[in-house]
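Engineer: Predicted model and sequence follow; I will ask about them next.
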Amino acid sequence: MAAAAVVVANGSKEEERRGGGGIDGPTNPMVTPLLTDLYQFTMAYAYWKAGKHNERAVFDLYFRKSPFGGEYTVFAGLEECIRLIANFRFTEDEIAFIQASLPSSCEIGFYNYLRGIDCSDVEIHAISEGYVVFPKIPLMRIEGPVAVVQLLETPLVNLINYASLVATNAARHRFVAGKSKLLLEFGLRRAQGPDGGIGASKYCYMGGFDATSNVAAGKLFGIPLRGTHSHAFVSSFMSPDEITEKSLQSCDGSNVCEDFVSLVQSWLSKLKWSQVLGGIFGETNQSELAAFMSYALAFPINFLALVDTYDVMRSGVPNFCAVALALNDLGYRAVGIRLDSGDLAYQSCEARKFFLTIEKEFGVPEFGRIGITASNDLNEETLDALNKQGHEIDAFGIGTHLVTCYAQPALGVVFKLVEINKQPRIKLSEDVSKVSIPCKKRSYRLYGKEGYPLVDIMTGENEPSPKVGERILCRHPFNESKRAYVVPQRVEELMKCFWPGRSGKEREDLPPIKVIRQRCIEQLDLMRPDHMRRLNPTPYKVSVSAKLYDFIHFLWLNEAPVGELQ
Ligand SMILES: Nc1ncnc2c1ncn2[C@@H]1O[C@H](COP(=O)(O)OP(=O)(O)OP(=O)(O)O)[C@@H](O)[C@H]1O
Ligand SMILES: O=P(O)(O)OC[C@H]1O[C@H](OP(=O)(O)OP(=O)(O)O)[C@H](O)[C@@H]1O
Ligand SMILES: O=C(O)c1cccnc1
Ligand SMILES: [Mg+2]
């Protein structure tokens, strides 16, 4: 396959980074081999100086606790990692910068070594993107020359951390909102910079949102685009007299209404004087009406109005209905309203009643079902509160809380050495949850009779895999008394080969985002409901085989010095 090329972003006369396997470079051109911490280079130099740089190392990338007080995480960001790996080459410019940044005592031979580095000898196994994942289970296993893999630590952790966090946040918002609601990501203006904005749109879609307002993300990833209009559009109008072009062709093109403004005004007075609606409102705001009419003239098939600029029930909703009824006369069906302040539950119910009354009173089929979108600082809690109160909202536009991951700003993804030169390594800690699980491992998801995943289990690389119908002991990695026998009805090996290096293994495809999104939805559906609930969810069991358990504790005892009491 032809090698992909990514033009280096820093502008000067630049070489191209030659990609492997026809895989494009990272979406964000800032993702280069320099997007790492200085200490990765100093360690790489020290490995090189010690003649250790080509020792074969295995690192696991995993997190320790699911975010947002939950018991599940959506794994996202893998494709961007593979794009980095496939195109991992230093340019001359970058090497010159590293040379200028390291102490002058560093030998020149190191820079020649960096010149020759790529990831052709690195092997990456990973869980598929969009999978539901759990603490301690490796999301990725990275094997290769220790100095190269060390350089990958920071960018890989960076690419997985926010992606998985925000995809999980999206999945959690979807869980509370319910499957039938349309979820729109509106966060670009509030995101942490341009990359935060693009990443949020991509991974919220992956986590189950339906569309984004972010046009660049729509182009880059093919995510559906949706949007309404803002208060500025409404308040920019002063009066209906501003509307000079008043004609509107009917939907089927069979006739032209020469004065759409008068048609709307006549509907507004019918509404005002109707027996059943009379009394709800009097004079509506005419500048708002002008804005709605203008928007309808511009978008007769997509007419949606923001109704809370002046007064939702006394102005916005009646004005919207007058325009929608005029459109209806011409064969168009209005899309709906957006509420962006006040009590969203109450207002949505009042608006729905108003629509239903019109449907009945004026015999307009389906008018009662007109869409209601709500926005304004929504998050899991407000969605939950709205559900409890009862509401008539069909779509939610969510920005700040979703994309900034307001409830938890980072997922603690880590990258730990588990083996070097075939020797298992462990990292000890006073805090047991921070002790790393040594060895090059495999991991499996074991499913029970009811089809739910029961437990994830890690084994040594060369242990026989768990078998359907065969009892296996699953042990908590650090708590001796926590163990269970499981007879799996289905066994799924979790990690697949996404970058074979020189192993000759087949490389897993990187599927389109829509496929990953669908996979994520199916994965979330597969989970037992008590793991998913928001309040005190049941922890999902993560375990090790009996053999791996014994080995962890043998290594632990071997590495931990024995204290002496005086
Ligand atoms: N029925 C409801 N139950 C619980 N929370 C709600 C309900 N309706 C709206 N909210 C939330 O209450 C908060 C209202 O925020 P705030 O008081 O700042 O806005 P507002 O005064 O309604 O609008 P703005 O200041 O934008 O004009 C928002 O976070 C919104 O999502
Ligand atoms: O509330 P979020 O979840 O962040 O969703 C996006 C918000 O952005 C827009 O207004 P903006 O917040 O810019 O202005 P406003 O708060 O004054 O309406 C929009 O009207 C939403 O309210
Ligand atoms: O299209 C919208 O309504 C929108 C887009 C971004 C932010 N707030 C609202
Ligand atoms: Mg706001």
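Structural biologist: Everything's here; your move. Numbers count the residues shown, from 1 in each chain. Ligands and ions are numbered 1, 2, ... in the order given.
Engineer: Show me the shaky parts of the chain.
Structural biologist: Applying pLDDT under 70 to the chain picks out residues 1-21.
Engineer: which SS state does residue 321 fall under?
Structural biologist: The assignment at residue 321 comes out as helix when based on DSSP: H, G, I helix; E, B strand; the rest coil.
Engineer: what about the residue of the stretch 201-350 of the chain found nearest ligand 2, neighbour count?
Structural biologist: Proximity to ligand 2, evaluated over the stretch 201-350 of the chain using C-beta to the nearest ligand atom, is greatest for residue 340 at 4.5 Å. Placement of C-beta: from N, CA and C, glycine included. Residues near residue 340, counting by other C-beta atoms under 10 Å, number 19.
Engineer: List the residues that contact it.
Structural biologist: Contact analysis of residue 340 by C-beta atoms under 8 Å, 6 or more residues apart in numbering lists 231, 306, 308, 374-376.
Engineer: I'd like the distance from it to residue 173, if you could.
Structural biologist: For residue 340, the distance to residue 173 equals 18 Å [C-beta to C-beta, to the nearest Å].
Engineer: next one: residue 156
Structural biologist: Applying C-beta to C-beta, the value for residue 156 to residue 173 is 27 Å.
Engineer: The two: which is more packed in?
Structural biologist: residue 156 (27 against 24).
Engineer: what residues are up against the residue nearest to the more buried one when sequence neighbours are not counted?
Structural biologist: Of all residues not flanking residue 156 in the chain, residue 81 sits nearest, at 5.3 Å (C-beta to C-beta, 6 or more residues apart in numbering). Shown here is residue 81, whose contacts under the criterion C-beta under 8 Å, 6+ apart are 124, 126, 140, 155-156, 159-160.
Engineer: hmm, which two among those are most spread apart?
Structural biologist: For these, the maximum inter-member distance is 14.7 Å, found between 126 and 155 (C-beta to C-beta).
Engineer: got the residues of this protein near ligand 3?
Structural biologist: 186, 213, 227-228, 375, 397, 399 (C-beta under 6 Å from any ligand atom).
Engineer: Same list (those residues) but as JSON lines, adding neighbour count.
Structural biologist: As requested, the residues of the chain next to ligand 3 are exported to JSON lines (neighbours: other C-beta atoms under 10 Å):
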{"residue": "186", "neighbour count": "23"}
{"residue": "213", "neighbour count": "19"}
{"residue": "227", "neighbour count": "16"}
{"residue": "228", "neighbour count": "22"}
{"residue": "375", "neighbour count": "21"}
{"residue": "397", "neighbour count": "24"}
{"residue": "399", "neighbour count": "21"}
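Engineer: Residue 91: which of these is nearest?
Structural biologist: Nearest to residue 91 among the residues of the chain next to ligand 3, with distances taken as C-beta to C-beta, is residue 213, at 35.8 Å.
Engineer: quick one on the thing from earlier: and the gap between the residue of the stretch 201-350 of the chain closest to ligand 2 and residue 106?
Structural biologist: As for residue 340, its distance to residue 106 is 57 Å (criterion: C-beta to C-beta).
Engineer: cool, and residue 377?
Structural biologist: Distance of residue 377 to residue 106, computed by C-beta to C-beta: 51 Å.
Engineer: So for the two, which sits in the more crowded spot?
Structural biologist: Neighbours were counted for residue 377 and for residue 106 using other C-beta under 10 Å; residue 106 has more, 18 against 12.
Engineer: What residues does that one make contact with?
Structural biologist: Per C-beta under 8 Å, 6+ apart, neighbours of residue 106: 45, 99.
Engineer: what about it, distance to ligand 2?
Structural biologist: In this view, residue 106 and ligand 2 are 48 Å apart by C-beta to the nearest ligand atom, to the nearest Å.
Engineer: Offset the numbering so it begins at 57, please.
Structural biologist: In the new numbering, first residue 57, that becomes residue 162.
Engineer: Go ahead and report the secondary structure state at that residue.
Structural biologist: Relying on three-state DSSP, one would call residue 162 coil.
Engineer: how close does the residue of the chain found nearest ligand 2 sit to residue 395?
Structural biologist: Minimum separation of the chain from ligand 2 (C-beta to the nearest ligand atom) falls at residue 455, amounting to 2.7 Å. Distance of residue 455 to residue 395, computed by C-beta to C-beta: 15 Å.
Engineer: ok, now residue 291?
Structural biologist: 17 Å.
Engineer: OK, contacts around the closest residue in space to residue 489 that isn't next to it in sequence?
Structural biologist: Leaving out its chain neighbours, the residue that sits closest to residue 489 by C-beta to C-beta, 6+ apart is residue 120, at 5.8 Å. Going by C-beta under 8 Å, 6+ apart, residue 120 touches 191-192, 468, 470, 489-490.
Engineer: how deep is residue 556 tucked in, by neighbour count?
Structural biologist: As a burial measure, residue 556 scores 17 neighbours (other C-beta under 10 Å).
Engineer: Could you double-check that it lies in contact with residue 562?
Structural biologist: Yes - applying C-beta atoms under 8 Å, one finds residue 556 in contact with residue 562, separated by 7.1 Å.
Engineer: that older thread, ranking by neighbours, what's the top pick from the contacts of residue 120?
Structural biologist: For the contacts of residue 120, neighbours tallied by other C-beta under 10 Å; top is residue 192, 21 neighbours.
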